[in-house]
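**Q** The following block contains a protein sequence and its predicted model.
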Amino acid sequence: MATLRRPDSCVTQPRAVSLTVVTQRVEAGEQSINREFFSLATKRSGELALTNWRCCLEAGDSMAHFALGYTLYELGRYHEAYRHPRYYAQIAPASAWNWCWLGKAAQAIGETGEAPPKEARDEP
């Protein structure tokens, strides 16, 4: 069985995850490493959550951009926060929450020209 490192000290090198390790985890009914970091991050707040969200992103989970955006925003780190919801709104434009957090971060740093596309503003 694969052992996870503590999320607050996730490894950034090497970036490639061994296919064998991933396969072993799935066959054993375990979560993938990105889902482990995701689960841990949802149970934490502040800097601890931030560390776990970064590990989640480094493990390849692009949904972590959304969480990094709101976590950094809540920590008052608006300039750092801005790029994450901006990226995530581009890859998942249908979610109003993505545009909401992008708008909050953009407003906080004075980027008032950011606006969602018309289809993101339309009511379903």
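**A** That came through, no problem.

**Q** contacts, neighbours, all on C-alpha from now
**A** Noted.

**Q** pretty sure residue 40 contacts residue 54?
**A** No: in this structure, residue 40 is not within contact of residue 54 by CA atoms under 8 Å, at 11.6 Å.

**Q** Looking at the two, which one has more neighbours?
**A** Relative neighbour count places residue 54 above the other of residue 40 and residue 54, with 23 against 16, counting by other CA atoms under 10 Å.

**Q** Which element, helix or strand, includes the more buried one?
**A** Counting by DSSP states H and E, the element that carries residue 54 is helix 46-58.

**Q** name the helices or strands packed onto that helix?
**A** Other elements packing on helix 46-58 under the criterion 3 or more CA pairs under 8 Å, 6 or more residues apart in numbering; DSSP states H and E are helix 33-42, helix 64-74.

**Q** angle of the longest one against helix 33-42?
**A** What it means is helix 64-74. Per axes from the mean of the first three to the mean of the last three CA atoms, to 10 degrees, the angle that helix 64-74 makes with helix 33-42 is 20 degrees.

**Q** Helix 64-74 to helix 46-58, inter-axis angle?
**A** Orientation check (the same axes, to 10 degrees): helix 64-74 against helix 46-58 gives 160 degrees.

**Q** Could I get the buried residue list for helix 64-74?
**A** Of all the residues in helix 64-74, those buried under the rule 16 or more other CA atoms under 10 Å are 64-73.

**Q** again, but for the shortest one
**A** Using 16+ other CA under 10 Å as the test for burial, helix 33-42 gives 33-34, 36-38, 40-41.

**Q** OK, contacts around residue 57?
**A** Contact analysis of residue 57 by CA atoms under 8 Å, 6 or more residues apart in numbering lists 34, 63-65.

**Q** just checking, residue 70 touches residue 81?
**A** Yes: if you go by CA under 8 Å, residue 70 and residue 81 touch, sitting 6.9 Å apart.

**Q** distance of the closest residue in space to residue 66 that isn't next to it in sequence from residue 76?
**A** Spatial nearest neighbour of residue 66, excluding adjacent residues (CA to CA, 6 or more residues apart in numbering): residue 85 at 5.4 Å. In this structure, residue 85 and residue 76 are 15 Å apart, going by CA to CA, to the nearest Å.

**Q** who has more neighbours, these two?
**A** The residue with more neighbours, out of residue 85 and residue 76, is residue 85; 29 against 13, by other CA under 10 Å.
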